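Asker: Structure of the sequence below:
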Amino acid sequence: MRRSSSTREQKAHPGAVTNGSALVCAKSLGEHLQMAEAEEGLDDASTGGGVVRNIYHERQRLQLCLLHALNNLLQGENAFSTKELDGIADKLPKIIAGDDKWRPLSMIFKRHRNSFTGDYDVNVLIAALGSRGKEVIWYDRRKGVNGWNVEEYDGQLAGIIVNVPRRKFLNLWKGRHWITLREINGRWYNLDSDLESPRAFEHGEEDLKKYLEAVFAKTGQVLIIVEANGAR
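Answerer: All right, here's what the predicted structure looks like:
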């Protein structure tokens with residue numbers, strides 16, 4: 001996995017100020033999602049992770065957003081490789097349904113991953129995080145986010161991974177995208193692999209909740225990631 005020792009300087013757009021390790025945006029409530037879409041394709045040659053002042057941030061490659069989301073959550077420690085995720089994905093049919101029967105096209109068409117682009121499904125994410133001592137809690141959108149707070153997880157919260165619809169290539173391709181949100185050194189960051197660098201939430205949990213509202217508005221899913229002994 002290639003890591004870059006530095007990232008390109010970014011020009012602050014209207015309503016944004018620089019603060020510490022990342023660009024802090026205060027322009028509009030749902031702008032983190034919009035920025036990721038607007039910045040898509042600015043650096044397609046980048047295939048590895050970049051460090052922005054001690055923040056590990058893998059950039060998008062192929063359809064490996066789940067791999068990037070996992071490694072951004074782990075901040076590069078005990079990181080996953082495509083080989084490891086492929087192995088997890090290929091074992092899932094037997095684990096889930098007890099079915100490991102070989103079929104003529106099973107070498108090409110995998111149930112839980114795309115052999116050509118590396119796209120993985122949520123079952124791979126859950127199994128992968130389990131191998132790193134973490135558990136996944138599906139957040140019920142019906143509860144809303146106003147009553148949600150970090151303290152309810154008693155220090156066991158590892159981060160948040162969201163899944164949102166995403167259009168690419170002039171809207172010719174429609175898929176879904178995995179994004180990690182994580183608190184680092186007391187500040188919440190958007191570690192979306194489609195962004196050029198991590199984006200800080202200026203007003204902490206307040207802006208984080210607004211972001212999650214925007215995710216639900218886009219028919220997205222929110223997964224709360226906790227240490228295994230803190231799952232509830």
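Asker: least trustworthy helix or strand in the protein by mean pLDDT?
Answerer: For the chain, using mean pLDDT, DSSP states H and E, the weakest element among its helices and strands is strand 16-19, scoring a mean of 33.
Asker: Could you pull out the strands in the chain for me?
Answerer: For the chain, the strands defined by DSSP state E occupy 3-4, 16-19, 22-25, 49-52, 55-58, 134-138, 157-168, 173-184, 187-190, 199-201, 221-227.
Asker: neighbours of residue 223, just the number please.
Answerer: When neighbours are counted by other Cβ atoms under 10 Å, residue 223 registers 20. To be clear about C-beta, it is placed using only N, CA and C from the backbone, and glycine gets the same treatment.
Asker: and it, what does it touch?
Answerer: Taking Cβ atoms under 8 Å, 6 or more residues apart in numbering as the contact definition, residue 223 lies against 122, 125, 136, 137, 138, 139, 160, 161, 162, 163.
Asker: of those residues, closest to residue 54?
Answerer: Comparing the contacts of residue 223 against residue 54 with Cβ to Cβ places residue 160 closest, at 20.3 Å.
Asker: That closest one is in contact with residue 220, isn't it?
Answerer: No. If you go by Cβ atoms under 8 Å, residue 160 and residue 220 don't touch, sitting 11.3 Å apart.
Asker: Which of the two has more residues huddled nearby?
Answerer: Neighbours were tallied for residue 160 and for residue 220 using other Cβ under 10 Å; the higher tally belongs to residue 160 (23 against 19).
Asker: Can you check the pLDDT for the more buried one?
Answerer: For residue 160, the model assigns a pLDDT of 97.
Asker: Throw the contacts of residue 223 into JSON lines and include distance to residue 80, thanks.
Answerer: Putting those into JSON lines (distance: Cβ to Cβ, whole Å) gives the following:
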{"residue": "122", "distance to residue 80": "15"}
{"residue": "125", "distance to residue 80": "10"}
{"residue": "136", "distance to residue 80": "15"}
{"residue": "137", "distance to residue 80": "20"}
{"residue": "138", "distance to residue 80": "21"}
{"residue": "139", "distance to residue 80": "23"}
{"residue": "160", "distance to residue 80": "18"}
{"residue": "161", "distance to residue 80": "13"}
{"residue": "162", "distance to residue 80": "18"}
{"residue": "163", "distance to residue 80": "17"}
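Asker: Just the buried ones from the residues you listed?
Answerer: Restricting the contacts of residue 223 to buried positions leaves 122, 125, 136, 137, 139, 160, 161, 162, 163, with burial counted as 16 or more other Cβ atoms under 10 Å.
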